[in-house]
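Q: The following block contains a protein sequence and its predicted model.
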Amino acid sequence: MIGPKDSLSSARFLAPSGISLRFKDGLTFDLPISSLEMDDSRIRWVSTKESPTGETMIVETLRGEEIPIDASTLRYLADPEYAAKCDASLKSLQFTKDELVEFVRDNPPPPTWYEELARDAGE
């Protein structure tokens, strides 16, 4: 989760195909629009702005609808250090292959599951 220092203090369009981001901790990044993997033909990129809280960047569709993009997503895409911390945090929550093997070995499914599979298969 993004902290107060990591929220956006400004976001603006950089012609022809970038976004300038400044975070409240002082870091600035120029991010290619293509890294957002959005259909840029349907978005008015000149409408790019930060939300009042800095938790999102907002862009408008051609019809004027607002699309919020989470500041932590932008930080992840723009800041390799932040991305590495997020990835490490996520990895720490995942089982290793050895842990999964041990878990499966020590926690077999109940026999009734096999009975249900056989019944469903028409045996």
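A: Done, it's in. As the structure is a prediction and not an experimental result, all values here were calculated from the model.

Q: From residue 26, how far off is the residue nearest the centre of the chain?
A: Most central in the chain under C-alpha atoms, centre = their mean is residue 73, positioned 4.5 Å from the mean C-alpha point. Note on residue 73: its distance to residue 26, by C-beta to C-beta, to the nearest Å, is 20 Å. (Glycine included, C-beta is placed from N, CA and C.)

Q: Also residue 100?
A: 42 Å.

Q: Comparing the two, which residue is more hemmed in?
A: residue 100 (11 against 8; other C-beta atoms under 10 Å).

Q: Wasn't that one part of a helix?
A: Yes: assessed with DSSP: H, G, I helix; E, B strand; the rest coil, residue 100 lies in a helix.

Q: one step back: which stretch of helix or strand covers the residue nearest to the centre of the chain?
A: In this structure, residue 73 is located in helix 71-78 according to DSSP states H and E.

Q: now the helix or strand just after that helix: how far from the chain's centre is it?
A: Next helix or strand after helix 71-78 toward the C-terminus (DSSP H and E): helix 80-93. Centroid separation for helix 80-93 versus its chain: 12 Å, with C-alpha atoms, centre = their mean, to the nearest Å.

Q: Show me what helix 80-93 is packed against.
A: helix 71-78 (3 or more C-beta pairs under 8 Å, 6 or more residues apart in numbering; DSSP states H and E).

Q: what's the burial count for residue 83?
A: If we define neighbours as other C-beta under 10 Å, then residue 83 has 13 of them.

Q: What of residue 37?
A: 8.

Q: List phi and psi for it.
A: Main-chain dihedrals, residue 37, degrees, to the nearest 10: phi 50, psi 40.

Q: can you pull the contacts of residue 17?
A: Contact analysis of residue 17 by C-beta atoms under 8 Å, 6 or more residues apart in numbering lists 32, 33, 34, 40, 45.

Q: got TSV for those residues, with neighbour count too?
A: Shown next, in TSV, are the contacts of residue 17 (neighbours: other C-beta atoms under 10 Å):
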residue	neighbour count
32	12
33	18
34	10
40	13
45	19
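
Q: Rank these by pLDDT and give me only the lowest.
A: Across these, the smallest pLDDT goes to residue 40, namely 84.
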